[in-house]
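1. A predicted structure for the sequence below; I have some questions about it.
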Amino acid sequence: TYMLNLGVDFSVLDNRIWGSVEFYNNDSKDIIGRQTMDPTSGWDAANVNFANVNNKGTEISLNAVPVKTKDFKWETNLNISVNKNEVVEVGVAGSTINNYLNTPPAFEKVEKYAQYGMLHYLGIPIKGKPLSRVYAFKYAGLDETGNPMIYDENDAIISYADYTGNVEALKYMGSVTPKT
């Protein structure tokens, strides 16, 4: 990871108010993740260097002691951070529906991979999107028998059972990383 951090620490009013402001830009190369393999290879998945990711953002910390007496001290802290995570290069091929939505072939393996510090699998990384992103179908309600309906890639309403696997029908919903 290549990191650039610029920050300022400050203190005023005899250290009654202090804090810091930091800007960062981190470029991570060769992120390791779990990639589904062609089953004819004899492996269901492999650990591969599958993406380069850029993280940039701002962190602000503000602290104050609004009340300070001999017997009492009230200290207040406020932290704010904003992070933008974006895949800038993808080292794996493919754009199937499984690459956008699926977990590993054996779901119970996710915990095993997580314990070794590997990324949680959310399909392949997609250039220009966050590493931990969510895609979903645009929901169109239920049909008369209670089956789910979705919009296809042409915005036509179809039964989910009739979906043909075109990734253009998926809609980007955002990141699984909470906003802080």
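-> That came through fine.
2. Mind jotting down where the strands sit in this structure?
-> According to DSSP state E, the chain carries its strands in the segments 2-12, 17-36, 45-68, 73-90, 133-137, 139-142, 148-151, 157-159, 170-175.
3. Would you mind putting those into CSV with distance to Lys127, mean pLDDT and mean neighbour count alongside?
-> The C-beta positions use only the backbone N, C-alpha and C, and glycine is treated the same way. Formatted as CSV, the strands of the chain follow (distance: least, Cβ to Cβ, whole Å; pLDDT from 0 to 100; neighbours: other Cβ atoms under 10 Å):
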stretch, distance to Lys127, mean pLDDT, mean neighbour count
strand 2-12, 19, 95, 10
strand 17-36, 13, 88, 16
strand 45-68, 8, 89, 15
strand 73-90, 5, 91, 13
strand 133-137, 11, 80, 18
strand 139-142, 26, 91, 12
strand 148-151, 24, 90, 16
strand 157-159, 28, 91, 14
strand 170-175, 12, 81, 14
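4. In JSON lines: these, plus distance to Pro125.
-> Output for these, formatted as JSON lines (distance: least, Cβ to Cβ, whole Å):
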{"stretch": "strand 2-12", "distance to Pro125": "18"}
{"stretch": "strand 17-36", "distance to Pro125": "7"}
{"stretch": "strand 45-68", "distance to Pro125": "4"}
{"stretch": "strand 73-90", "distance to Pro125": "4"}
{"stretch": "strand 133-137", "distance to Pro125": "8"}
{"stretch": "strand 139-142", "distance to Pro125": "25"}
{"stretch": "strand 148-151", "distance to Pro125": "24"}
{"stretch": "strand 157-159", "distance to Pro125": "28"}
{"stretch": "strand 170-175", "distance to Pro125": "12"}
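5. what residue is smack in the middle of this protein?
-> Taking Cα atoms, centre = their mean, the centroid of the chain lies closest to Ser132, which sits 2.5 Å from it.
6. Skipping adjacent residues, who's closest to that residue in space?
-> Leaving aside its sequence neighbours, Ser132 sits nearest to Val176 (Cβ to Cβ, 6 or more residues apart in numbering; 4.5 Å).
7. Quick check, the one you found in contact with Ala136.
-> No. With contact defined as Cβ atoms under 8 Å, Val176 does not reach Ala136; the gap is 11.9 Å.
8. Next one: the residue of the chain most remote from its centre from Ile31, what distance?
-> Residue farthest from the centre of the chain, counting by Cα atoms, centre = their mean, is Lys70 at 47.4 Å. Distance, Lys70 to Ile31, by Cβ to Cβ, to the nearest Å: 54 Å.
9. what's the answer for Asn85, then?
-> Distance, Asn85 to Ile31, using Cβ to Cβ: 11 Å.
10. Now do the shared contacts for those two.
-> Taking Cβ atoms under 8 Å, 6 or more residues apart in numbering as the criterion, Asn85 and Ile31 both touch 53, 131.
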